[in-house]
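Undergrad: Sharing a model that was predicted from the sequence below.
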Amino acid sequence: LYTTAKSAFDGVFAQWDLDMHLKEVTTQNGENAFYMYATVPSMQPIVDTYQRASGLLSIFYPSLLSQIDNAFASYPDILAGLKANNADAVWKAMEKYAVQALEGRFGTSSDLVILVKSYVDAGRVNHGHTYYLMEGALDRVIENGNGINKYRESDALFNFCNNNSTAWFGPELPVVGEAAKWIIEPIGESSNNYFGVTTADKMKGKNNKYFTTLYTDFPMKIIDNINAYVVESVGTIGEEKGYAKCTKIASQGEIIPAQTPIILELETTQSNANRLLPIASSNTIATNNILKAIFFDEAKTTVETNGKTIRVFNINPNTSVRNPLGFYRYRGTTVKGNKAFLLVDANTSGAKLDGYDMENEETTAGIEEVATPKTNNGAVYYDLQGRRVEKPNRGIYIVNGKKVIIK
């Protein structure tokens, strides 16, 4: 009996959708689109099964009732709802375990988990209903004594809506309309279907290349002349103190693993010349990467925890620094999604990007020596473009096959 009861419970619990499903639909303009949805299982079958089984056992085998209850020993709140013949109470208890299941798959900091949990906390998710992915937001308001749903399209947010026939606010899907219909377009390498990145003109390094950061949930093949870097550490002693140590993990023709916050080195700010192709790949995520990122915008207060503060990728207006690009203290209130940042101790100075190779493969990689402002008059200095420099100022130079920083 224990096995039967436990199997019935696990069977219903397994219906909790961890994946989104697609259903074809047509837009008002006649375009092919899809609803993206997930279904929450009804708790009523569990309640009915429990009531039937316990009723029969109480008549014929009362001594075996405890075996059914033992099947729910790890879920006391659910057992209380079953005994009360209350499917809604079972669902309230089930929500807690459903969120735990999502956290187990995606992690507690996942944007999906955070979104679902916010719906659970607000009582917007109910058992036995299907929920559709939408863009924007919904407000439940009272007008002329009636409860209605109002769609708010100004918010560029992922959200969920139901299609329930409730007596009060009514179904949400008809109110949302086109905002719940998703058009799926293929991504390729041509000029009309590419995925490209860009950056501001000011985000230019001393090697005359442009930089930005990126974070995606899918692996990408680098199509154009782009280099991808991770940050391994931030220097703590000597001349490298406060400078981020970066390592190149991919270049043209290679793959950037999914869920990897990266720094991208670009030849131009034009997105059509900075193409990345989303692909199916099982490349391992770099484990030595201290860059952090989120998929959706979040309040800074929810990201800065445990004594950590955010350093975002930006440019230093002080042109005399070794490298104008780096990670600097963020004074805003919202952390942007799909961008990489550093989380450092609150008392740490701004981490400036420096000390990583931004040159071609044939160039000696890495900073091998840190020079003082006083240069060696007998040495021959070359800049990073291979041109001889008679009177080197502050910067990075090639001396005797080594990269040298003059501060």
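TA: Thanks, I have the structure now.
Undergrad: Report the beta-bridge partners for residue 399.
TA: residue 381, residue 402 (DSSP bridges).
Undergrad: Am I right that residue 341 is in a strand?
TA: Yes: looking at residue 341 with DSSP: H, G, I helix; E, B strand; the rest coil, it is inside a strand.
Undergrad: just checking, it touches residue 309?
TA: No: applying CB atoms under 8 Å as the test, residue 341 and residue 309 come out as separate, 10.1 Å apart. Bear in mind the C-beta positions are built from the backbone N, C-alpha and C, glycine included.
Undergrad: Residue 292 bridge partners, please.
TA: Applying DSSP bridges, one finds that residue 292 bridges with residue 341.
Undergrad: Let me see the ranges of the helices in the stretch 101-250 of the chain.
TA: Here the stretch 101-250 of the chain has its helices, by DSSP state H, counting those that start in this stretch, at 111-121, 173-176.
Undergrad: Looking at those, which is nearest to residue 218?
TA: Comparing these against residue 218 with CB to CB, the closest turns out to be helix 111-121 (14.6 Å).
Undergrad: what pLDDT does the residue nearest to residue 51 when sequence neighbours are not counted get?
TA: Sequence neighbours aside, residue 85 is the residue nearest to residue 51 in space, at 5.8 Å (criterion: CB to CB, 6 or more residues apart in numbering). Listed pLDDT for residue 85 reads 92.
Undergrad: Am I right that residue 85 is in contact with residue 46?
TA: No: using CB under 8 Å, residue 85 makes no contact with residue 46, being 11.1 Å away.
Undergrad: of the two, who's got more company?
TA: Each of residue 85 and residue 46 has its neighbours counted (other CB atoms under 10 Å); residue 46 has more, 25 against 13.
Undergrad: and the more buried one, that's in a helix?
TA: Yes: the assignment for residue 46 is a helix, going by three-state DSSP.
Undergrad: quick one: it from residue 61, how far?
TA: Distance, residue 46 to residue 61, by CB to CB, to the nearest Å: 21 Å.
Undergrad: repeat for residue 209
TA: 77 Å.
Undergrad: Looking at these two, which is more packed in?
TA: With neighbours defined as other CB under 10 Å, residue 209 and residue 61 compare such that residue 209 has more, 19 against 11.
Undergrad: for the stretch 1-150 of the chain, which spans come out with low pLDDT?
TA: Applying pLDDT under 70 to the stretch 1-150 of the chain flags residues 1-18, 105-107, 109-111.
Undergrad: do that again at 80, thanks
TA: Scanning the stretch 1-150 of the chain for pLDDT under 80 picks out the ranges 1-19, 57, 60-69, 71-73, 98, 101-116, 118-119, 121-125.
Undergrad: what does the stretch 201-350 of the chain give?
TA: Short version for the stretch 201-350 of the chain, where the test is pLDDT under 80: 206, 234-244, 281-287, 296-299, 302, 316-324, 345-350.
Undergrad: Do a quick rundown of the strands in the stretch 251-400 of the chain.
TA: Assigned by DSSP state E, counting those that start in this stretch, the stretch 251-400 of the chain shows strands spanning 255-256, 262-266, 276-278, 292-293, 298-299, 308-315, 325-329, 334-335, 340-345, 351-353, 369-371, 381-382, 388-389, 395-399.
Undergrad: and residue 34, which of those strands is closest to it?
TA: Taking CB to CB, strand 276-278 is the member of the strands of the stretch 251-400 of the chain nearest to residue 34, at 17.8 Å.
Undergrad: Give me the helices and strands touching that closest one, please.
TA: When contacts are defined as 3 or more CB pairs under 8 Å, 6 or more residues apart in numbering; DSSP states H and E, strand 276-278 sits against strand 220-222.
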